[in-house]
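**Student:** When you get a sec, could you give me coordinates for this:
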Amino acid sequence: MPGLAAKPFLDLQVRIAPLPEENELIARLAPRGYVRARGSRPDSPGVDRDLPRGRTPVDPVVWEKRLYWHEDAQAILHVRRLDSPWGRYTVWFRDWLRAHPAERDRYARLKQQLSAQQVGKADYDDYTRAKTAFFDEVQAAFETWAAREGRSTSS
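**Tutor:** Residues are numbered from 1 along each chain as shown. Alright, predicted model coming up:
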């Protein structure tokens, strides 16, 4: 996203119904250079499940996902269920930041600060959890913005 510092790789997302079994995805993605990401900790956020969030209770299964890494392309591929709230949140959040440069800049400063704290660490788990606090703070704002912009809860 223009104006937003980021990790040195692309974050890609695919939403699909139903979420394929892990072996099926590996068979399809490995020939394209993607390998299954594994969390370095048992509770690594965003590897096998997204962090549950939102005001409306949902079936816990909607948070399931698969995460893949492509070293040559420097890309991360998030494979989420079509009905994943996170699938919507990531797009709404991105678009809200584009529409609100001051919030984008505030988020960029936070990411730079967190990145500096990550130097020498084995994983991005603490970085991911710390960014979640910002997400918690602005989620109501970007959901309201998305509704006002006519964004569907199923898109």
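
**Student:** For the longest helix belonging to the chain, enumerate the helices and strands it packs against.
**Tutor:** Identified as the longest helix of the chain according to DSSP state H is helix 125-148. Contacts of helix 125-148 with other secondary structure elements, assessed using 3 or more C-beta pairs under 8 Å, 6 or more residues apart in numbering; DSSP states H and E, are made with helix 85-99, helix 101-118. C-beta: built from backbone N, CA, C; applies to glycine.

**Student:** Specify the residue positioned farthest from the middle of this structure.
**Tutor:** Taking C-alpha atoms, centre = their mean, the residue of the chain most remote from its mean C-alpha position is residue 31, at 23.8 Å.

**Student:** If we ignore the residues flanking it in sequence, what's nearest the residue positioned nearest the centre of the chain?
**Tutor:** Closest to where the C-alpha atoms of the chain average out (C-alpha atoms, centre = their mean) is residue 90, at 5.9 Å. Counting by C-beta to C-beta, 6 or more residues apart in numbering, residue 90 lies nearest to residue 13, which is 6.1 Å off, once chain neighbours are set aside.

**Student:** what about the one you found, helix or strand, and which?
**Tutor:** If you go by DSSP states H and E, residue 13 is part of strand 10-16.

**Student:** Summarise which helices and strands that strand is packed against.
**Tutor:** Helices and strands touching strand 10-16, by 3+ C-beta pairs under 8 Å, 6+ apart, are strand 75-81, helix 85-99.

**Student:** Other residues contacting that strand?
**Tutor:** The set of residues that contact strand 10-16 without belonging to it, under C-beta atoms under 8 Å, 6 or more residues apart in numbering, is 73-82, 84, 87, 90-91.

**Student:** swap in stretch 128-148?
**Tutor:** Under the contact criterion C-beta under 8 Å, 6+ apart, stretch 128-148 has outside partners 45-46, 51, 53-54, 88-89, 92-93, 95-96, 99-100, 103, 106-107, 110-111, 114, 117.
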